[in-house]
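> structure for this input, please:
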Amino acid sequence: MKNFDIYETVTNLIVQRLENGVIPWAMPWKTSNSIPRNLISKKPYRGFNFWYLLSFNFERPYFLTFNQVKQLGASIKRGSKSFMVIFWKVLEVKKDGEIEEIPMLRYYRVFHIDDVEGIDESKIPEDTSHVHEFKTIDSCEELIEKWDDSPVIKHGMKKACYIPTLDEVHMPDAKHFYKDEEYYSTLYHEVVHSTGHRKRLKRHQQFPNLNFGSKDYSQDYPN
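You can find the predicted model right below:
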C-alpha cells in the first residue's frame, strides 16, 4: 500500500480546483461572504486553507470538524463531503543538549455549515462582507480614463469577468478587495480580454469557442 504523502495530496487538491476552472490563489476579493473560518473558534483559516476553502465561494464561510458537529448536537447530512484542512507548526525538540526545530505537518477534515443540520441558528453569526477603505491609485485610474474605446465597466458584481457579447467588464466593488493593488490587477486582466472585441483587435472572431478551458479560449485569452 502506498504511503500517504500530504504534500502530494495538497498539490492534487490545487490541481483539481484548476481543472474545474478555479484559480484558488487568484480570488483577491470577498463580497457576499466573509473569510472562511471555524464556527466554534471563530479563527479564520490561513495559508493554503484560506485560498482552498475560499475557492468554493460558499455563501456562508463557516466550517466544523466532525467532533464539533457532535458537540453541538447536530448531524452531517447524508452524502456530504468534507474538506481537507492542513495544520502545521514548528516544534522545538531538545536533542543532545541542543534545541532543534522540527516542522510538524498534519491534516484534518472539516464540513461546511450547509452540510450540517440541527445547529441552533442563534449560534451562527450574521454574515458580513470584507470591506476596507479603498484608496484610488491615480496612475492606474488614468490608464482607464484615457482609453477612449474602453468597454463598459460595471461594479457591484459577485465575480470579475469580461462578456464579449455585451463588451462589458464586470467587477466586484473595489472596497471588497483585500488590497487596492489587487483590484487594479484584476481590472486590467479583464480589460485585456476586451482588446479582442471586433471593435478593437478582432481576435474573438478567430476563435469561436470561448468557453473557459477550451483550446480557443487558451489562444484568445492568453493568461
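
> name the helix or strand of this structure that has the lowest mean pLDDT.
Least confident helix or strand of the chain, by mean pLDDT, DSSP states H and E, is helix 215-220 with a mean of 58.

> break this protein down into its structural domains.
6-123, 138-220 (automatic domain parsing).

> now those as TSV including mean neighbour count and distance to residue 132?
Just so you know, the C-beta spots here come from the backbone N, C-alpha and C atoms, and that holds for glycine as well. Compiled in TSV, those are given as follows (neighbours: other Cβ atoms under 10 Å; distance: least, Cβ to Cβ, whole Å):
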stretch	mean neighbour count	distance to residue 132
domain 6-123	14	10
domain 138-220	15	6
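
> residue 73 and residue 119, how far apart?
Per Cβ to Cβ, to the nearest Å, residue 73 is found 8 Å from residue 119.

> I'd say residue 202 and residue 196 touch.
Yes: counting by Cβ atoms under 8 Å, residue 202 touches residue 196, with 7.4 Å between them.

> show residues contacting the biggest strand by length in the chain.
Determined from DSSP state E, the single longest strand within the chain is strand 98-112. Residues outside strand 98-112 that contact it (Cβ atoms under 8 Å, 6 or more residues apart in numbering): 6, 9, 38, 56, 58, 60, 62-66, 69, 76, 80, 82-94.

> so what touches the helix or strand following that strand?
Moving toward the C-terminus from strand 98-112, the next helix or strand (DSSP states H and E) is strand 116-117. For strand 116-117, the external contacting residues (Cβ under 8 Å, 6+ apart) are 64, 69, 74, 75, 76, 77, 80.

> with respect to residue 136, which of those residues is nearest?
residue 64 (39.8 Å; Cβ to Cβ).

> returning to that earlier point: with distance to residue 131 added, can I get the domains of the chain in JSON lines?
Output for the domains of the chain, formatted as JSON lines (distance: least, Cβ to Cβ, whole Å):
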{"stretch": "domain 6-123", "distance to residue 131": "9"}
{"stretch": "domain 138-220", "distance to residue 131": "5"}
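
> which residues of this structure fall in strands?
Going by DSSP E, the chain shows strands at 37-38, 62-65, 75-76, 83-95, 98-112, 116-117, 152-154, 161-163, 168-170.

> which one of those strands lies closest to residue 145?
That would be strand 152-154 among the strands of the chain, by Cβ to Cβ, at 10.9 Å.

> so what's the nearest residue to residue 73 once chain neighbours are set aside up against?
Excluding the flanking residues, the one nearest residue 73 by Cβ to Cβ, 6 or more residues apart in numbering is residue 118, at 6.4 Å. Contact analysis of residue 118 by Cβ under 8 Å, 6+ apart lists 72, 73, 74, 75.

> make TSV from the residues you listed and add distance to residue 16 and pLDDT to it.
Formatted as TSV, these follow (distance: Cβ to Cβ, whole Å; pLDDT from 0 to 100):
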residue	distance to residue 16	pLDDT
72	29	94
73	33	93
74	28	95
75	27	96
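
> out of these, which is nearest to residue 163?
Of the contacts of residue 118, the one sitting nearest to residue 163 (Cβ to Cβ) turns out to be residue 74, at 41.1 Å.

> pLDDT score for the closest residue to residue 80 other than its chain neighbours?
Setting aside the residues directly before and after it, residue 80 is nearest to residue 115 in space (Cβ to Cβ, 6+ apart), at 3.6 Å. For residue 115, the pLDDT comes out at 95.

> now the helices for the chain?
In the chain, the segments counted as helices under DSSP state H are 6-19, 47-54, 66-71, 138-145, 180-194, 215-220.
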